[in-house]
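K.L.:
Return a 3D structure for these sequence lines:
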Amino acid sequence: MFYGVMCSDTRLLRPAYAWTQEHITEKENSVEKVTEINAYWQRRSEEKRAQAYIPGTEEYQYIEDLNKQIREGKHPKWKRERGPHQEFKPEKFERSCLKENDTSKGGIDWFLYREKILLPILYPYIKKVQELNPDKKVWFVDDNVGLHGKAHRSLADIAKAMGIERIPFWPPNSPDLHPIENSFDYLKDLAEEFYPRGSSAAEKLSAGRYLIHNWQYCIDRIVKHLCLSFKDKLELCRAYEGKNNFRA
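P.N.:
Below is the predicted model:
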């Protein structure tokens, strides 16, 4: 699995991550970290519930606005008014690979996406983009894969403190609105020039380094074009009222 990041500002080196199999020791060490994450969000949930009873707080206003929508029939999900104990429940973060009956074959889950990509690679990159473009609004866009959303929710307070804003919902099955998918096509063409000499761990690492190098240094022109055309595609989508029936 390969993860790449891109934006129209090509002054920054595009970060990337090539996945490698998680070692059993890494899985065992993650138990304590997951416990810490759950303990943190348990505390935050209790704090938010308490704040929700205090007029003028962000949590109080959220409950007020939500119940107003319910009373006016504008909220399709709920029919009865909601309270702080319902809206500010702590989410339970678990790793399926740590369960005894786990049958998964490994791969990236929400925890690895958080620890290997978001914290060390993506969030620092977004901060640099913001610093280089202080007069622009910087939005982070990824797809709607469940593990992505879960990883972001586990880092919600950190992202807020860093000023990182992620678009919470992006239309599924819309390749025209995912320019990074098109850039991967060019990366695949470059990958065909790599000839593996086996399936050893060392050879897999070499393949990963090859992909990362090409992502960072060999597709500047393509990335610039895709990012600049992204705005036009969004405007077309809006003109067609969200229907994906235009030629982009």
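
K.L.:
ok, which stretches of the protein are strands?
P.N.:
2-4, 16-18, 139-140, 165-166 (DSSP state E).

K.L.:
I'd like to know which of those strands lies nearest to Arg49.
P.N.:
strand 165-166 (24.5 Å; C-beta to C-beta). All C-beta atoms are positioned from the backbone trio N, CA, C, and that covers glycine.

K.L.:
that older thread, could you dump the strands of the chain to a markdown table with distance to Arg238 and mean neighbour count?
P.N.:
Shown next, in a markdown table, are these (distance: least, C-beta to C-beta, whole Å; neighbours: other C-beta atoms under 10 Å):
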| stretch | distance to Arg238 | mean neighbour count |
| --- | --- | --- |
| strand 2-4 | 27 | 18 |
| strand 16-18 | 31 | 20 |
| strand 139-140 | 15 | 14 |
| strand 165-166 | 20 | 16 |
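
K.L.:
can I get these in JSON lines with distance to Cys218?
P.N.:
Listed next are the strands of the chain as JSON lines, based on distance: least, C-beta to C-beta, whole Å:
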{"stretch": "strand 2-4", "distance to Cys218": "12"}
{"stretch": "strand 16-18", "distance to Cys218": "12"}
{"stretch": "strand 139-140", "distance to Cys218": "24"}
{"stretch": "strand 165-166", "distance to Cys218": "28"}
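
K.L.:
so which of those gets nearest His75?
P.N.:
Ranking the strands of the chain by proximity to His75 (C-beta to C-beta) places strand 165-166 first, at 22.6 Å.

K.L.:
domain assignment for this protein?
P.N.:
1-21+108-248, 41-106 (automatic domain parsing).

K.L.:
for those, which one ends up most surrounded?
P.N.:
Of all these, domain 1-21+108-248 carries the top mean neighbour count, a mean of 15, counting by mean count of other C-beta atoms under 10 Å.

K.L.:
starting at the chain centroid, how far to that domain?
P.N.:
Mean-position distance between domain 1-21+108-248 and its chain equals 9 Å (C-alpha atoms, centre = their mean, to the nearest Å).

K.L.:
that older thread, now distance to Ile219 and mean pLDDT too, for the strands of the chain, in TSV please.
P.N.:
Formatted as TSV, the strands of the chain follow (distance: least, C-beta to C-beta, whole Å; pLDDT from 0 to 100):
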stretch	distance to Ile219	mean pLDDT
strand 2-4	9	87
strand 16-18	11	90
strand 139-140	20	89
strand 165-166	24	92
